[in-house]
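1. Give me coordinates for this.
(chains A and B)
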Amino acid sequence: MPGTLRFITCGSVDDGKSTLIGRLLFESKQIFDDQLTALEKDSMRYGTQGTSVDLALLVDGLQAEREQGITIDVAYRFFATTQRRFVVADTPGHEEYTRNMATGASTADLAVLLVDAKKGLMTQTRRHSRIVAMLGVRHVVLAVNKMDLVGWDEGIFSRIRDEYRLLADELGFATVHAIPVSAIEGSNVMKPGADSPWYDGPALLEYLENIDVTDTRDEISFRMPVQWVNRPDQDFRGYCGRIASGRVRRGDRVRIAPGGLDAHIRSIVVWQGEIEEAVQGDSVTLCLDDEVDVSRGDVIASALDPVELSDQFEAKVICLSGHHLVPGRPYILRMHACQSGVTVTGIKHRIDVNSGAHLAAKTLELNDMGVVNLSTSTPVPFEPYARSRILGSFILIDRMSNETVGAGMIDFALRRASNIHWQGLDVDKAARAGLKYQKPRCLWLTGLSGSGKSTIANLLEKRFFALGRHTYILDGDNVRHGLNRDLGFTEADRVENIRRVAEVARLMVDAGLIVIVSFLSPFRSERDFARSLFAPGEFIEIFVDAPLDECERRDTKGLYAKARRGELKHFTGIDSPYEPPESPEIRLDTLAGSPEDCIGSILDVVGDGRAD
Amino acid sequence: MRDHISNIESESIEIIREAVAASGNPVMLYSIGKDSSVMLHLARKAFWPAPPPFPLLHVDTGWKFREMIEFRDRMAKTSGMKLIVHTNPERVDPFEHGSERYTDQMKTEALKQALDSGKYDVIFGGARRDEEKSRAKERIFSIRAQGHRWDPKAQRPELWNLYNTRIHAGETIRVFPLSNWTEADIWQYIRQENIPIVPLYFAAARPVVKRSGMWIMVDDERIPLNPGEVPELRMVRFRTLGCYPLTAALESGAATLEAIIDETLAARSSERHGRLIDHDGAGSMERKKQEGYF
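-> Numbering: from 1, shown residues only, chains lettered A, B, ... in the order given. Here you go, the predicted structure:
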């Protein structure tokens, strides 16, 4: 029996995906009598097939979708014939649910792409073909459905098949096969129908039973991401994981990434015993002969062909969230068992799903696909996605909401981590600060427009100056006249605005200065990013707290009035959010105290800036 | 070519390890049934030679078959794991109050009480996608909002074998390592690995009464007999196990694993057919899940 075939069905709304899967389940006797009774009842209530049973209702699981008659999520179904086992992911055709389709495609070997014979290739057909190709699905069946409604016209079928071939050639699938079917009537689904004498190929199920989806490309060497370090007592230390590629034998020499040290496999431990050899797909526990340092997220790989490391990648990304993907914003990267901070350093282009054209883009919106550059905060072990789905795939997680905002596939590393090193300098931060006899700091003032940041920053610098400290103010408005002159007020530009200022502040702190940053900085994730650039204790977040109505009342620059009139877009507090700090080092209540009181509160916490 | 059972076994072990690595305080829901038995076995494999680094939690309604309770205590001892048993102190009787209210109080509410008091962040459950329609769409890592609510529209996309395990305070993750197993897989694995299961799965002569066309076992004297109703001895077994008043037996002579597997493969009714709560109205399982039922 060939191995289990994992496939997805995709296509436009109403192309008949759920009906087709319902038909496969029904005819392969996967439907039990009590489910059939329920189906007859449901068909009376929700069915779209008049008096006959509606097979689509077998797979449309959630009540909401039964009522709306659409599939709104991925459903996994299992069925088997005497020839093969199948796992099918039923994925939705609605554009807004494309993320679910990508989910189904990520683990599929083959895609059954449905096309309505009456309508021909649709935007969705092209979109879904690109998505499945991008996610590494190498085999496609084009099921031209509803042939009964076009009188089994061979010409219509051939035109659709030939038109699709052009797209398939561009996407580089390993195999593409077109079959004329009627899911409602069951023709050419389970066995060849009498309606299409001009089609001499196999029926859909027969084709699926026999197709060989074994990857014949170069095999890669042994790699296993470490999921868990198992150390029940002093005598046992094992590294648990599932082998991503290749095979491993007792005695093999391995190299640990990112540590770079070598060791030998002392034993391969499984339930109640040990084995000599383990292969791709096995979950095992490996013990090494040397006490090398291995932790979760490391990859144990063949020492003859060690795994690559990098912290700069080019990757394809699909945006999965309504919160669009913004360059410069810090995210969390999950890749095999490894986790790291990550920033999208640039969007090279967005991919037009219909034409494949490359379009310029500043952000990626929900369901957009694009090519981006990524920078991780630590080097991570990887393989390009084309070589390994397991070691080349990742997800991006929003730091605040914990939402999965993107899914990506590594094309290649932009540079190897081993080539990066800081230029070592003899005069360092401590030396520079020592000369000034002060403690360098970044005092980061955040708050709404009109809360009093500039006033406080100004007073604070005067106070430090009087004490003989070396200071500098980075002011939001002033920086926009020079360094950030090219940036506007969209979310993407605001993120970049803060990133640049944070980097400049860091250089100034490195130069030994006390830097006062007076910046609206509305987003928590950007302020957290700024904090991450500094040593512990160096970054002081100061929340200049004033209620919105008070700021609006002050309106020193007349901006609130403009925003209310609609003349200013993306104005924080009006039509763009402000996320107040959750635990700032200092919170200044500007209603309760004068600016001088505020300076007092700051100095109480940070001291007078003198070196100890 | 790796065989099918090795594949799903390895995948489940990977899931269990991933969940434990992400968790500060994991727990495994142990319902004593065949799926729980398989899940427990996989957990022991995942961490061998150490015992699984989490306790077992059994939500005891007080109406489980007596043989289930004996089996539970024996398995906890063998595995070397801590067993926590919780029963809702507000006792509700399935005969007096009806199955809907009973399930709500003694299962869903009791589960929430036990999870809240243990402050668990990751909770393993033995649900499978092939069991029921709303479960076919369940994620392997299912995020529950505060109050254990399941929102089918707010589930995170799950691509490849990558699981987003980050949660806010008050949120929890239910993890289903058996998501991709079918009923037939479970039985084949039990045979292959020699996994102990409750004897109620095997046919034997047991005292039963017929109600609404289903055989209900008279497991103790708390079941009120209708006038003229006399328990009779019949060769029966159970395809799934739950609370004895709510779980129908099927007439069967299958007394060996081979016979059970043959019967399962030839079955013409679904596994949950014998579970009375699944029939409490359209979409009833989906609604129960939204309220926090497993």
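2. Can you tell me the number of residues neighbouring the residue in the stretch 301-450 of chain A that chain B sits nearest to?
-> Using C-beta to the nearest C-beta, A:N402 is the residue of the stretch 301-450 of chain A that sits closest to chain B, at 4.2 Å. Every residue, glycine included, has its C-beta placed from N, CA and C. For A:N402, the neighbour count with other C-beta atoms under 10 Å in any protein chain shown is 17.
3. Which strand or helix spans it?
-> In this assignment (DSSP states H and E), A:N402 forms part of neither any helix nor any strand.
4. wait, doesn't B:Q105 sit right on B:E90?
-> Yes: the criterion here is C-beta atoms under 8 Å, and B:Q105 meets it with B:E90 at 6.2 Å.
5. So A:Q83 versus A:A611, what's the distance?
-> Using C-beta to C-beta, to the nearest Å, we find A:Q83 at a distance of 78 Å from A:A611.
6. residues from the stretch 401-550 of chain A in reach of chain B?
-> Counting by C-beta under 8 Å from any C-beta of the partner chain, the residues of the stretch 401-550 of chain A close to chain B are A:N402, A:E403, A:T404, A:A407.
7. Now pLDDT too, for these, in a markdown table please.
-> A markdown table is the format used below for these (pLDDT from 0 to 100):
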| residue | pLDDT |
| --- | --- |
| A:N402 | 91 |
| A:E403 | 91 |
| A:T404 | 92 |
| A:A407 | 95 |
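8. picking up where we left off before, so which of B:Q105 and B:E90 has more stuff around it?
-> Taking other C-beta under 10 Å, B:Q105 and B:E90 do not tie; B:Q105 has more neighbours (18 against 10).
9. Spatially nearest residue to the more buried one (excluding sequence neighbours)?
-> Leaving aside its sequence neighbours, B:Q105 sits nearest to B:V92 (C-beta to C-beta, 6 or more residues apart in numbering or on different chains; 4.2 Å).
10. dump the residue contacts of that neighbour.
-> Listed by C-beta atoms under 8 Å, 6 or more residues apart in numbering or on different chains, the contact set of B:V92 reads B:R101, B:Y102, B:Q105, B:M106.
11. what's the burial count for the closest residue to A:A611 other than its chain neighbours?
-> Computed as C-beta to C-beta, 6+ apart, the closest residue to A:A611 that is not its neighbour in sequence is A:Y437, at 5.1 Å. Residues lying near A:Y437 (other C-beta under 10 Å) number 13.
12. Might one say that A:Y437 is in contact with A:R610?
-> Yes: applying C-beta under 8 Å, one finds A:Y437 in contact with A:R610, separated by 6.7 Å.
13. what helix or strand is the residue of the stretch 501-612 of chain A found nearest chain B on?
-> Nearest residue of the stretch 501-612 of chain A to chain B (C-beta to the nearest C-beta) works out as A:E582 at 11.8 Å. Assigned by DSSP H and E, A:E582 belongs to no helix or strand.
14. re the thing from before, do you know how far the residue nearest to A:A611 is from A:K462?
-> A:Y437 is 19 Å from A:K462, by C-beta to C-beta.
15. same question, B:P157
-> The gap separating B:P157 from A:K462 is 53 Å, by C-beta to C-beta.
16. ok, these two, which is more surrounded?
-> Between B:P157 and A:K462, counted using other C-beta under 10 Å, the more crowded position is B:P157 (26 against 12).
17. Report the contact partners of the more buried one.
-> If you count contacts by C-beta under 8 Å, 6+ apart, B:P157 has them with A:R99, A:N100, A:A102, A:T103, A:L320, A:T404, A:A407.
18. if you look at the residues you listed, which of them are in helices?
-> A:R99, A:N100, A:A102, A:T103 (DSSP state H).
19. just these that are near chain B?
-> A:R99, A:N100, A:A102, A:T103.
20. Doesn't A:G600 lie inside a strand?
-> No: according to DSSP: H, G, I helix; E, B strand; the rest coil, A:G600 belongs to no strand; its state is helix.
21. A:E538 versus that one, what's the distance?
-> For A:G600, the distance to A:E538 equals 22 Å [C-beta to C-beta].
22. which element is the residue nearest to B:Q105 on?
-> Per DSSP H and E: nothing holds B:V92, as it lies in no helix or strand.
23. Need the phi and psi values for it.
-> As for B:V92, its main-chain torsions (degrees, to the nearest 10) stand at phi -120, psi 140.
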